[in-house]
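A.B. asks: Coordinates for the following, if possible.
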Amino acid sequence: MDRPLPILVSAIATEFNVMNPRPIPDWPTVFHILETEVIPGTRVSVVNSDPSADDRPEYKPVFDETTRRWRAAPDLSTIFVSGNVMARGLTLEGMTTALFQRSSANPVADTQMQMQRWFGYRGEYIELCRMFATRQQIDLFGAYHDVDEALREGIAAKMAGAAPSPVVLHGMGFLATGKIASIGRVPLCPSAKPFITLINDGQQPDPNAQLVAEVFSGPSSDVSVGRTVRGRALDGTLSLSDAADLLDSLSFDTYAPGDESRLAELWLQVQARVDATLPLPAGTQFYNAPSPIHGAPSDAPASNARTPSPRTSACGKRASPVPSEAFSSQESRPADGR
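C.D. replies: Have a look, this model is predicted:
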């Protein structure tokens, strides 16, 4: 590797028998062509539903009946300005640059995905394609792609064998669709009542008391409302891992949803969708059914305890940043069983 670069390039060209290498012009040459040929020949075309608007893009040569000559296609180099017409299926052949300025107060994934005119076959010039938009909109497009890709993976997994029924995930800042009325939505975030009343009957020592005592063995302070002490809080904060481990360790004699419950099925579906987008470490479980208290029957039927979300009860382990809602075309009901 001690040979000069030109000799090395020549050796590679000879070795691979490059008979007709394509020279790359320098920037002054490219700039001159852009300035004298491309930019002067570029026109601006407004395409919308207005009768006075420009015609649809024309990419084929035009025969002039007057001069009996062929003219180049008028839209070889054109800047198109458009709204709903372009957002609903207008094909722009050879599009290399897109400036996306549309926004929505209530984004819907399937609607905005139709506006992504920069997708499609780009062949050899894919590296020249550029899309400009706000950071918020680019993040939304990325989330739409993740949801779409996860659904494809879910359908393929279901067809290949035993896998959860595919679901579509809404995002925290967008809906997946607004066009289907007969769907069931299941919230994943805590409901309007974030606290679930679960308490052991006191017929035997409560193992949760010892767990809480261990957590509060460190510095803590009273929580007062007005002049009334309403509880006690740690002076420090628990990490997400520590909080998940604590929730996972709690047990209740009247709460045993089991691994076959609707709640378990829901979180298995969510885990499958997240794993399709971002592969999870081996052994990761979004949902762990609580173990029964020592002495309680292990074959007890699944509990009907109200459980709006695993994040607010002992059944949730890792509070991963998943979207806020899931829905499918199958009949479903809220996670609290109502």
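
A.B. asks: what helix or strand is the most centrally placed residue in the chain on?
C.D. replies: Nearest residue to the geometric centre of the chain (C-alpha atoms, centre = their mean): A143, 3.0 Å. Assigned by DSSP states H and E, A143 belongs to helix 135-160.

A.B. asks: Following the chain onward from that helix, which element is next?
C.D. replies: Next element after helix 135-160 (DSSP H and E): strand 168-170.

A.B. asks: Can you tell me which helices and strands that next one packs against?
C.D. replies: Packing partners of strand 168-170 (3 or more C-beta pairs under 8 Å, 6 or more residues apart in numbering; DSSP states H and E): helix 135-160, strand 325-328. Any C-beta I mention is one placed from the backbone N, CA and C, and that applies to glycine too.

A.B. asks: and it, which strands flank it?
C.D. replies: strand 325-328 (antiparallel) (DSSP bridges).

A.B. asks: Point out where the stretch 1-150 of the chain drops to low pLDDT.
C.D. replies: 1-3, 12-22, 52-55, 88-89, 119-121 (pLDDT under 70).

A.B. asks: Apply 90 and report the result again.
C.D. replies: 1-25, 37-38, 40-41, 43-66, 68, 71-78, 80-98, 100-131, 137, 139-150 (pLDDT under 90).

A.B. asks: As a check, name the ranges of all strands in the stretch 101-250 of the chain.
C.D. replies: Assigned by DSSP state E, counting those that start in this stretch, the stretch 101-250 of the chain shows strands spanning 130-132, 168-170, 184-187, 220-225, 228-234.

A.B. asks: contact partners of stretch 229-241?
C.D. replies: Outside stretch 229-241, the residues that touch it by C-beta atoms under 8 Å, 6 or more residues apart in numbering are 215-216, 218-224, 246, 318-319.

A.B. asks: brain fart, stretch 29-44
C.D. replies: Against stretch 29-44 from outside (C-beta under 8 Å, 6+ apart): 74-79, 81.

A.B. asks: what's the stretch of helix or strand F63 belongs to packed up against?
C.D. replies: Per DSSP H and E: F63 is located in strand 62-64. When contacts are defined as 3+ C-beta pairs under 8 Å, 6+ apart, strand 62-64 packs onto strand 69-71.

A.B. asks: what sits against V108?
C.D. replies: 174-178.

A.B. asks: Give the closest residue to R71 in space, chain neighbours not counted.
C.D. replies: Once flanking residues are discounted, R71 sits nearest to V62: 4.9 Å by C-beta to C-beta, 6 or more residues apart in numbering.

A.B. asks: What is the neighbour count of the one you found?
C.D. replies: As a burial measure, V62 scores 12 neighbours (other C-beta atoms under 10 Å).

A.B. asks: List the contacts of it.
C.D. replies: V62 neighbours (C-beta under 8 Å, 6+ apart): 70-74.

A.B. asks: do you know how far it is from M172?
C.D. replies: Shown here: V62 relative to M172, a distance of 50 Å by C-beta to C-beta, to the nearest Å.

A.B. asks: and if you look at M159?
C.D. replies: For M159, the distance to M172 - C-beta to C-beta - is 29 Å.

A.B. asks: Could you say which helix or strand holds S49?
C.D. replies: Using DSSP H and E, S49 falls outside every helix and strand.

A.B. asks: doesn't V85 make contact with it?
C.D. replies: Yes. Shown here, S49 and V85 form a contact pair, counting by C-beta atoms under 8 Å, at 6.2 Å.

A.B. asks: Just want to know which of the two has more residues nearby.
C.D. replies: A direct count of neighbours by other C-beta under 10 Å for S49 and V85 places V85 higher, at 16 against 9.

A.B. asks: Buried by neighbour count: which residues of the host helix or strand of that one qualify?
C.D. replies: Assigned by DSSP H and E, V85 falls within helix 84-87. Neighbour-count burial for helix 84-87 flags 85-87 (criterion: 16 or more other C-beta atoms under 10 Å).

A.B. asks: any idea which of the residues you listed is the one closest to P25?
C.D. replies: M86 (32.9 Å; C-beta to C-beta).

A.B. asks: For the closest one, list the residues it contacts.
C.D. replies: Here M86 is in contact with 47, 80, 92, 115, 117 (C-beta under 8 Å, 6+ apart).

A.B. asks: so which of those residues comes closest to V274?
C.D. replies: Nearest to V274 among the contacts of M86, with distances taken as C-beta to C-beta, is M115, at 26.1 Å.

A.B. asks: so what's the residue nearest to that closest one when sequence neighbours are not counted up against?
C.D. replies: Of all residues not flanking M115 in the chain, A87 sits nearest, at 4.2 Å (C-beta to C-beta, 6+ apart). A87 sits next to 102, 114-115, 117 when contact means C-beta under 8 Å, 6+ apart.

A.B. asks: and if you look at M95?
C.D. replies: So M95 contacts 117-118, 129 (C-beta under 8 Å, 6+ apart).

A.B. asks: With G142 instead?
C.D. replies: Applying C-beta under 8 Å, 6+ apart, no residues contact G142.

A.B. asks: Look up how far A264 lies from it.
C.D. replies: 30 Å.
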